[in-house]
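J.: okay, here's the prediction I keep looking at, along with the sequence it came from:
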Amino acid sequence: MATQTMSQSETLSEDKRSDKTAPRLLTWIPTGLMLLASVLVIASIAFPYWGLVLEAPQYPGGLQMRVFVNRMTGDEDPRLDEVREIDGLNHYIGMQSLYNAASFERSIAIPAVIIMVVLLVVAAFLRRRWAWVLTLPAIAFPFIFLGDLAFWMNNYGQNLDPYAPLSSAIEPFTPPIIGEGVIGQFKTVAYVDTGWYLAVVAVVLVSAALLIRMLRSRAASRES
């Protein structure tokens, strides 16, 4: 009988320990998710966020442009500056130089990412109801990137130089930022790339962390 009583008390103590462990996990899981999101945001700047391939008969392999948060590059082959090649083709239809696009955004991109990461880290450890506000820049960032890109693509396509050599052959247009399009004899294929996907995964992690915190806060309110 005494043995049975001791067994029951041990079971009760184990249940109490498990009851204490669960809230602790719910406290630290959101912190871990936000810290992981911070790492992904930092890592994303090393990869292109967006890419464009121009295909035409005279370019069998296509011309490729990769856009990072703070710079543009062509193919990985350093002997071929494909961005300048695309820029030269754009000149004939009256489009401005790609190097002039989003110059301000590119100049502040790295400091902006660092600030976002700092805010995420602070939000990860801050136990305040308003801490979610600090995560908003990171949540909005990949979508702001695409919105800004769409703005510049539309601006360039709709404001062609009327005195360009081939201005009469090309009507103003809005290039797609995702998917296929046609510009004169060129077919374009636009797509989001690795860096953007990393930033979106970070958004998912932060959103999950905020959801867990919200559910935990509601459960604590009911208990009290």
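T.: On my side now, so go ahead. Numbering: from 1, shown residues only.
J.: okay, and residue 143 sits in which element?
T.: Assigned by DSSP states H and E, residue 143 falls within helix 136-158.
J.: strand partners (parallel or antiparallel) of whatever helix or strand comes next after that helix?
T.: Per DSSP H and E, the first helix or strand lying C-terminal to helix 136-158 is strand 179-183. Paired with strand 179-183 in the same sheet, following DSSP bridges, are strand 186-192 (antiparallel).
J.: tell me the angle the strand it pairs with makes with helix 136-158.
T.: 170 degrees (axes from the mean of the first three to the mean of the last three CA atoms, to 10 degrees).
J.: give me the distance from strand 186-192 to the chain's centre.
T.: Here the centre of strand 186-192 is set off from its chain's centre by 19 Å, with CA atoms, centre = their mean, to the nearest Å.
J.: start the count at 28 instead of 1 going forward.
T.: Sure, I'll start numbering at 28, so the last one becomes strand 213-219.
J.: now that strand: average pLDDT?
T.: For strand 213-219, mean pLDDT rounds to 92.
J.: what's in contact with it?
T.: If you take CB atoms under 8 Å, 6 or more residues apart in numbering as the criterion, strand 213-219 is touched by 76-83, 89, 116, 173, 202-209. For every residue, glycine as well, the C-beta is placed using N, CA and C.
J.: can I get it in PDB, CA atoms only?
T.: Below are the C-alpha coordinates for strand 213-219, written out as PDB (Å, rounded to 0.1, in the frame of the first residue of the first chain):
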ATOM      1  CA  PHE A 213      13.200  39.300 -77.000                       C
ATOM      2  CA  LYS A 214      11.500  36.900 -74.700                       C
ATOM      3  CA  THR A 215      11.900  37.600 -71.000                       C
ATOM      4  CA  VAL A 216      11.700  35.200 -68.100                       C
ATOM      5  CA  ALA A 217      11.600  36.800 -64.700                       C
ATOM      6  CA  TYR A 218      11.700  35.000 -61.400                       C
ATOM      7  CA  VAL A 219      12.300  35.400 -57.700                       C
END
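J.: burial measure for the closest residue in space to residue 83 that isn't next to it in sequence, as a count.
T.: Nearest non-adjacent residue to residue 83, counting by CB to CB, 6 or more residues apart in numbering: residue 213, 4.9 Å away. By other CB atoms under 10 Å, 19 other residues sit near residue 213.
J.: what's the helix holding residue 170 packed up against?
T.: Helix 163-185 is packed against helix 29-71, strand 77-83, helix 130-152, helix 221-250, with contacts defined by 3 or more CB pairs under 8 Å, 6 or more residues apart in numbering; DSSP states H and E.
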